[in-house]
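Novice: Following is a predicted model, sequence given first.
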Amino acid sequence: MAGAETDVCVLQSVLGLLDMGFEVFLFEDCLFTHEVNVRPALRRVEAAGAIPSTFKTLFFAMDQGVGRESLPDAWRQRMKVWRSRIRSPYALPAMTLDK
């Protein structure tokens, strides 16, 4: 999950997805909000079962962790398109949520 207004929209979306039975990974470095203190919202979704993660973790899991040989041709093509659209996390500006 990535999105804006962490303390409202992301919070409610994550809780809803968890309630529907989805496994939710919360990409904390891909969140935005005007709220100064987002820690309560992050703690709430983590307590509910969301898995804290980062874009960098996703990028390398998809790039190196997926056994390309075992994927159907259609999935390999999708992964190729995905990799061409996603920038390396090292090319992104640094930011923190420590507010």
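Specialist: Nice, I can see it. Quantities reported herein were computed from a predicted structural model and do not represent experimental measurements.
Novice: For the rest of this, base every contact and every neighbour count on C-alpha atoms.
Specialist: Will do.
Novice: distance of the residue nearest the centre of the chain from residue 82?
Specialist: Centroid check for the chain by C-alpha atoms, centre = their mean gives residue 27 as the closest residue, at 3.1 Å. Look at residue 27 and residue 82: by C-alpha to C-alpha, to the nearest Å, they are 17 Å apart.
Novice: One more: residue 5?
Specialist: In this view, residue 5 and residue 82 are 26 Å apart by C-alpha to C-alpha.
Novice: Ok, residue 58 next?
Specialist: 12 Å.
Novice: Okay, domains of the protein per the record?
Specialist: If you go by automatic domain parsing, the domain ranges for the chain are 1-53, 60-94.
Novice: how long is the first one from one end to the other?
Specialist: So that's domain 1-53. Per C-alpha to C-alpha, domain 1-53 runs 9 Å from first to last residue.
Novice: returning to that earlier point: pick the most deeply packed of the domains of the chain.
Specialist: Using mean count of other C-alpha atoms under 10 Å, the stretch among the domains of the chain with the greatest mean number of neighbours is domain 1-53 (a mean of 16).
Novice: pretty sure residue 28 contacts residue 53?
Specialist: Yes. At 6.3 Å, residue 28 counts as touching residue 53 under the criterion of C-alpha atoms under 8 Å.
Novice: any low-confidence regions in the protein?
Specialist: Along the chain, segments meeting pLDDT under 70 span 63-71, 87, 89-90, 92-99.
Novice: same thing but 50
Specialist: Along the chain, the model assigns pLDDT under 50 to residues 99.
Novice: in it, which spans are strands?
Specialist: Counting by DSSP state E, the chain has strands at residues 3-4, 25-27, 31-32, 51-53.
Novice: Does the first one pack against any helices or strands, and if so which?
Specialist: Using 3 or more C-alpha pairs under 8 Å, 6 or more residues apart in numbering; DSSP states H and E as the contact criterion, the neighbours of strand 3-4 among helices and strands are strand 31-32.
Novice: again, but for the third one
Specialist: Where contact means 3+ C-alpha pairs under 8 Å, 6+ apart, strand 31-32 is packed against strand 3-4.
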